[in-house]
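> Sequence plus predicted model, see below.
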Amino acid sequence: MPVYGQAAFLGRAVASLLAQTLTDWELVVVDDGSPDATAAAVAPFQADPRVRLLRLPANRGLGAALNAGLDASAAPLVAYLPADDRWDPWHLEALCRLAAAGTVLAWSGCRHHGDRVSLGPPAGFGLQLVQVLHRRTRDRWLERAQLESDDLERLHWAALRRRGAGAGTGVVSCEWVDHPGQRHKAIRESLDGGLNVFRRRYRVPDPLRFHSSDSGAVDEVNLYRRFRERPGTPPAAEGLKILLVGELAYNPERVLALEERGHRLYGLWTPDGLGASTVGPLPFGHVTDLPDGDWAGAVRRLRPDVIYALLNWRAVPFAHAVLAARLGVPFVWHFKESPFRCITRGTWPQLVDLITGADAAVLSSPEELAWFEQALPGRLDPARTLALDGDLPKADWLEVAPTGGPRLSEGDGELHTVALGRPIGLDPGAVAALARAGIHLHLHGQVRAPGPKGDWAGWIGEARALAPNHVHLHPHVGQDRWVEVLSRYDAGWLHHLRSANGGDLGRATWDDLNYPARIPPLVAAGVPPLQQASPGCVVAAQELVGRLGVGVLYQDLDDLAAQLADEVAMAGRRAAAAAVRHQLTFDHHADRLIALFRKVAGR
């Protein structure tokens, strides 16, 4: 029985074991560094000699907890009862019949998500611990240093299947209990999880090798090795102590550009992030976290020169709490996405306090800055306000120059476009029209998140049915492979959306004000971004790619196909991207930010 923070459920799980018709069992409860009263929840059952508690001193992850249980037990058959699940009385007896018939891996049916029933793996989730019994083998679960994943097939079931046959009982005899604290929900982006939600919940201090069934694999160990293993930069004579507050969103390693200038970095992180909202402990090192408990006292003891609070809507409540604590430290608020989300969620008053109450405010685009000036007339100080994209990447990822080829189009004579993340604004019919024009769509790092047909998996299925030879799925592309992978494509999609604001900022949407985070990776690889033109409208991405001369501003898909086929013009855009790509890195602007910090800190 692996348990982390599930003491409130544990009693009903053990009660379901005590009610089994098969009574010849031993139970090893493995407390994986739980922050709650797990030991007290187990205590009433420890008078039964069949029940033992094994406590790990710190959270080591599901694989390590299960391996500790395997090593501490001796029975020839192994079943799993997570502390938040439960078995029906005949569960073990039915599974043991299959094992007696020679089955290596046996599973039952289960109830889950209210009234749903599955005789095998729950659809979309895979075979769950509570369903399974298997013969004891030499195989062990993959542990955190090897992989963290919601896919238990990768972690252990596949190894058991190589030992022999697997089979189901065909009988529903357990419940996979649905609640917010489930481990897989901290992993899968479609369930409000993701790598950083997982890191925060389990307090993981080291880089992760992480796999989500929604978005694929990320290897932080190799990605961040260059930063983590290098020595820290000696503090500069006039170096600042900078306290990062909130979350870092995409490209979090960008903050090392500040450390490389001799400034010392500390971190205080929001407890309410998303999978893309990077929080500490940071996997690339060189940032010292403050304790979560008495954070106000920790800040006063640290006495930083400046608080740099950031970045997106999830961080607003926590950043506001730090501002309201009046810690006597100059406060800079950097905001990107999005004022409209804050209005919808009811945190707009807090956002206004942050924008107007901070010693300086940084907005991510000139258009977003102008929107706030219109929304809060007379309340922003131009001398203490800056426009700087909050998601810019670290310049290290540009060490490889864009090659200019060989592009895929040079091999087959057709045009190949790429979308990093969701193909926002493109419907399957548009994809089919592109295919008829000989234009391929390559999707990298798709996430099963809410989309136009329930989720993007449905969108992808329809698009592939309409254009089977022109829609291609690929894994997520890490920063270290942007140039290598993306330079194969002729162009890259931003958001296929036309503005309707007519030049009136009051009618602008977030798509009008935003710099999509996919712009820097495309430009880094020399790939022209595709931006639908909205003449007479205020659109930040349209203004940026037009001013830099790096992108294709198209009226409609026919116009796009014609522009993509103009090789001379496209070569000019690729050359322009190569010339300006360093301007789209955080390092390029770090000194501007430090100058602002010095101004508010009186330094």
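That came through fine. Numbers count the residues shown, from 1 in each chain.
> Just list the residues touching the residue nearest to residue 73 when sequence neighbours are not counted, thanks.
The spatially closest residue to residue 73, leaving aside those adjacent along the chain, is residue 28, at 5.1 Å (C-beta to C-beta, 6 or more residues apart in numbering). (Each C-beta comes from the backbone N, C-alpha and C, glycine too.) Residue 28 makes contact with 1, 52, 54, 69, 72-73 under the criterion C-beta atoms under 8 Å, 6 or more residues apart in numbering.
> any idea how far residue 28 is from residue 249?
41 Å (C-beta to C-beta, to the nearest Å).
> Ok, residue 442 next?
The value you get for residue 442 to residue 249, if C-beta to C-beta is used, is 24 Å.
> ok, now residue 46?
46 Å.
> Show me which of these two is the more surrounded one.
Neighbour totals were compared for residue 46 and residue 249, and residue 249 leads with 23 against 13 (other C-beta atoms under 10 Å).
> SS state for that one?
Following DSSP: H, G, I helix; E, B strand; the rest coil, we place residue 249 in the coil state.
> ok, and the closest non-adjacent residue to it?
residue 311 is the one closest to residue 249 (C-beta to C-beta, 6+ apart), at 4.7 Å.
> Quick check: pLDDT value at the one you found.
pLDDT for residue 311: 96.
> wait, it sits on residue 336?
Yes - Residue 311 is in contact with residue 336 according to C-beta atoms under 8 Å; the separation is 5.3 Å.
> If we go by neighbour counts, what in the lengthiest helix in the chain is buried?
Longest helix in the chain by number of residues (criterion: DSSP state H): helix 586-601. Under the neighbour-count criterion of 16 or more other C-beta atoms under 10 Å, helix 586-601 has 586-587, 589-590, 593-594, 596-597, 599-601 buried.
> Including distance to residue 274 and pLDDT, could the residues you listed go into JSON lines?
Conversion of those to JSON lines gives the following (distance: C-beta to C-beta, whole Å; pLDDT from 0 to 100):
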{"residue": "586", "distance to residue 274": "21", "pLDDT": "98"}
{"residue": "587", "distance to residue 274": "26", "pLDDT": "98"}
{"residue": "589", "distance to residue 274": "25", "pLDDT": "98"}
{"residue": "590", "distance to residue 274": "25", "pLDDT": "98"}
{"residue": "593", "distance to residue 274": "24", "pLDDT": "97"}
{"residue": "594", "distance to residue 274": "28", "pLDDT": "98"}
{"residue": "596", "distance to residue 274": "27", "pLDDT": "97"}
{"residue": "597", "distance to residue 274": "27", "pLDDT": "98"}
{"residue": "599", "distance to residue 274": "32", "pLDDT": "96"}
{"residue": "600", "distance to residue 274": "29", "pLDDT": "96"}
{"residue": "601", "distance to residue 274": "31", "pLDDT": "94"}
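> wait, which of the residues you listed is closest to residue 508?
Residue 508 lies nearest to residue 589 out of the buried residues of helix 586-601, by C-beta to C-beta, at 23.8 Å.
> Identify the residue nearest that closest one in space, chain neighbours excluded?
residue 388 (5.5 Å).
> Can you give the domain ranges for this structure?
2-187, 224-393, 397-584 (automatic domain parsing).
> starting at the chain centroid, how far to the shortest one?
For domain 224-393, the gap between its own C-alpha mean and the chain's C-alpha mean amounts to 18 Å (C-alpha atoms, centre = their mean, to the nearest Å).
> same thing with stretch 421-438?
25 Å.
> Please save the CA atoms from it in CSV.
Provided in CSV are the C-alpha atoms of stretch 421-438 (Å, rounded to 0.1, in the frame of the first residue of the first chain):
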residue,chain,number,x,y,z
GLY,A,421,1.8,23.0,-29.3
ARG,A,422,-1.8,23.4,-30.2
PRO,A,423,-2.7,24.5,-33.7
ILE,A,424,-4.9,27.3,-32.4
GLY,A,425,-7.3,28.7,-35.0
LEU,A,426,-6.8,26.0,-37.6
ASP,A,427,-9.8,23.7,-38.1
PRO,A,428,-9.5,20.3,-39.8
GLY,A,429,-11.1,21.8,-42.9
ALA,A,430,-8.3,24.4,-43.2
VAL,A,431,-5.8,21.6,-42.8
ALA,A,432,-7.4,19.7,-45.7
ALA,A,433,-7.2,22.9,-47.8
LEU,A,434,-3.5,23.2,-47.0
ALA,A,435,-3.0,19.6,-48.0
ARG,A,436,-4.6,20.2,-51.4
ALA,A,437,-2.1,23.0,-51.9
GLY,A,438,0.8,20.6,-51.1
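> packing partners for the helix or strand of the chain with the lowest mean pLDDT?
Least confident element among the helices and strands of the chain, by mean pLDDT, DSSP states H and E: helix 456-466 (a mean of 87). When contacts are defined as 3 or more C-beta pairs under 8 Å, 6 or more residues apart in numbering; DSSP states H and E, helix 456-466 packs onto helix 428-436, strand 471-474.
> Go through it and flag the buried ones.
For helix 456-466, burial by neighbour count (16+ other C-beta under 10 Å) applies to 456-457, 459-460, 462-464, 466.
> circling back to that earlier point, give me the neighbour count for the residue nearest to residue 249.
Counted by other C-beta under 10 Å, the residues lying close to residue 311 total 27.
> Equivalent analysis for residue 349, please.
A count of nearby residues for residue 349, using other C-beta under 10 Å, gives 12.
> what do you get for residue 409?
By other C-beta under 10 Å, neighbour count at residue 409 equals 21.
> so it makes contact with residue 415?
Yes - taking contacts as C-beta under 8 Å, residue 409 lies within contact range of residue 415: 5.5 Å.
> what sits in contact with each of the two?
With C-beta under 8 Å, 6+ apart as the test, residue 409 and residue 415 both reach residue 490.
> where does this protein have low pLDDT?
404-405, 446-455 (pLDDT under 70).
> mind checking the longest strand of it?
If you go by DSSP state E, the chain has its longest strand at strand 166-176.
> picking up where we left off before, now, which of the contacts of residue 28 sits nearest residue 306?
residue 54 (46.1 Å).
> For residue 2, see how far away that closest one is.
10 Å.
> circling back to that earlier point, compute the inter-axis angle for the least confident helix or strand of the chain and helix 428-436.
For helix 456-466 against helix 428-436, the angle by axes from the mean of the first three to the mean of the last three C-alpha atoms, to 10 degrees is 40 degrees.
> Return helix 456-466 as CSV; C-alpha atoms alone will do.
Output in CSV follows, covering the C-alpha atoms of helix 456-466 (Å, rounded to 0.1, in the frame of the first residue of the first chain):
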residue,chain,number,x,y,z
TRP,A,456,-7.1,18.1,-29.3
ALA,A,457,-7.0,14.3,-29.8
GLY,A,458,-10.4,14.6,-31.5
TRP,A,459,-9.2,17.5,-33.6
ILE,A,460,-6.1,15.5,-34.7
GLY,A,461,-8.2,12.5,-35.5
GLU,A,462,-10.5,14.5,-37.8
ALA,A,463,-7.6,16.4,-39.4
ARG,A,464,-5.7,13.2,-40.2
ALA,A,465,-8.9,11.6,-41.7
LEU,A,466,-9.2,14.6,-44.0
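> Check the offset of it from the chain's centre.
23 Å.
> which residues make contact with stretch 152-163 from outside it?
For stretch 152-163, contacts defined as C-beta under 8 Å, 6+ apart pick out 62-63, 66, 104-105, 126-129, 132, 134-135, 137, 139-142, 147, 149, 166, 211.
> picking up where we left off before, just read off the phi/psi values of the residue nearest to residue 73.
phi -110, psi 110 (degrees, to the nearest 10).
> Roughly how far does it sit from residue 10?
Taken as C-beta to C-beta, the span from residue 28 to residue 10 is 13 Å.
> Please, which helix or strand holds the closest residue to residue 77 other than its chain neighbours?
In space, and not counting its chain neighbours, residue 77 is closest to residue 99: 5.5 Å by C-beta to C-beta, 6+ apart. In this assignment (DSSP states H and E), residue 99 forms part of helix 91-100.
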